[in-house]
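>>> Curious how this folds, go ahead:
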Amino acid sequence: MPQYLIVILGAAVRPDGRASAALLRRIEGGRRLAQAYPDALVFCSGGVGRYGPSEASSMAERLTVGGIAAERLVLDEQSLDTLQTVVAAAREIGQRNLAGAIVCTDSYHTPRTRLIFSALGVASVAGCVKAGPRQMGWPAWWRMRLREVPAIPYDWVLALTKRRGLRAQIGSTR
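Have a look, this model is predicted:
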């Protein structure tokens, strides 16, 4: 199999500095993917949101405690949203001449993330983290699902309208 970059998308850090439930799900999904693909690098993404530390550093700490070698981790502590994360990951994929991304995020978030990779001409496969009512509770699940309704076309249009500039940023010749 061609080499892919496992891309773990960030989620909130709580006021006390602990990872949110969404971030914990994504970290665990990333750990499982890293074990399944032992040659793949792991892209930990997410800057400091409302509370520190950065989402990426929280991921890195938990992944290393979970047995993933620190040398495999690539930290992106600048990205603050899905589009920024995808652009940063696409840049890493291009610089390392990798085949594409394994997207590690909650299942409701995966289609939008993959759509942006596609708009940038970068191959991706789903490495979904199950995030349904059972994992999140019905209110949170509905909130996240409803958030994706406007976010999908918004990010798609944004990625398409800015594609030339974004592709220049990532150095893509694809």
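>>> Going by C-alpha atoms from here, please, whenever you check contacts or count neighbours.
Will do.
>>> Send over the longest helix belonging to the chain as PDB, restricted to the C-alpha atoms.
When the chain is parsed with DSSP state H, its longest helix is helix 138-161. The C-alpha coordinates for helix 138-161 follow below in PDB (Å, rounded to 0.1, in the frame of the first residue of the first chain):
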ATOM      1  CA  TRP A 138     -28.400  12.800  21.200                       C
ATOM      2  CA  PRO A 139     -28.200  16.600  21.800                       C
ATOM      3  CA  ALA A 140     -24.500  16.800  21.000                       C
ATOM      4  CA  TRP A 141     -24.900  14.500  18.000                       C
ATOM      5  CA  TRP A 142     -27.700  16.600  16.500                       C
ATOM      6  CA  ARG A 143     -25.700  19.800  17.200                       C
ATOM      7  CA  MET A 144     -22.700  18.500  15.300                       C
ATOM      8  CA  ARG A 145     -24.700  17.100  12.500                       C
ATOM      9  CA  LEU A 146     -26.600  20.400  12.100                       C
ATOM     10  CA  ARG A 147     -23.300  22.300  12.200                       C
ATOM     11  CA  GLU A 148     -22.100  20.300   9.200                       C
ATOM     12  CA  VAL A 149     -25.100  21.200   7.100                       C
ATOM     13  CA  PRO A 150     -23.900  24.800   6.300                       C
ATOM     14  CA  ALA A 151     -20.200  24.000   6.900                       C
ATOM     15  CA  ILE A 152     -19.900  21.500   4.000                       C
ATOM     16  CA  PRO A 153     -21.000  23.800   1.200                       C
ATOM     17  CA  TYR A 154     -19.200  26.800   2.900                       C
ATOM     18  CA  ASP A 155     -15.800  25.000   3.100                       C
ATOM     19  CA  TRP A 156     -16.300  23.400  -0.400                       C
ATOM     20  CA  VAL A 157     -17.000  26.800  -2.000                       C
ATOM     21  CA  LEU A 158     -14.100  28.400   0.000                       C
ATOM     22  CA  ALA A 159     -11.700  25.700  -1.100                       C
ATOM     23  CA  LEU A 160     -12.800  25.900  -4.700                       C
ATOM     24  CA  THR A 161     -12.700  29.700  -4.900                       C
END
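>>> need the contact list for Ser58.
Ala19 (C-alpha atoms under 8 Å, 6 or more residues apart in numbering).
>>> Can you show me the helices along this protein?
Counting by DSSP H, the helices of the chain are 21-36, 55-65, 82-95, 110-119, 133-136, 138-161, 163-170.
>>> Does the fourth one pack against any helices or strands, and if so which?
The reference is to helix 110-119. Helices and strands touching helix 110-119, as assessed by 3 or more C-alpha pairs under 8 Å, 6 or more residues apart in numbering; DSSP states H and E, comprise helix 82-95, strand 100-104, strand 124-126, helix 138-161.
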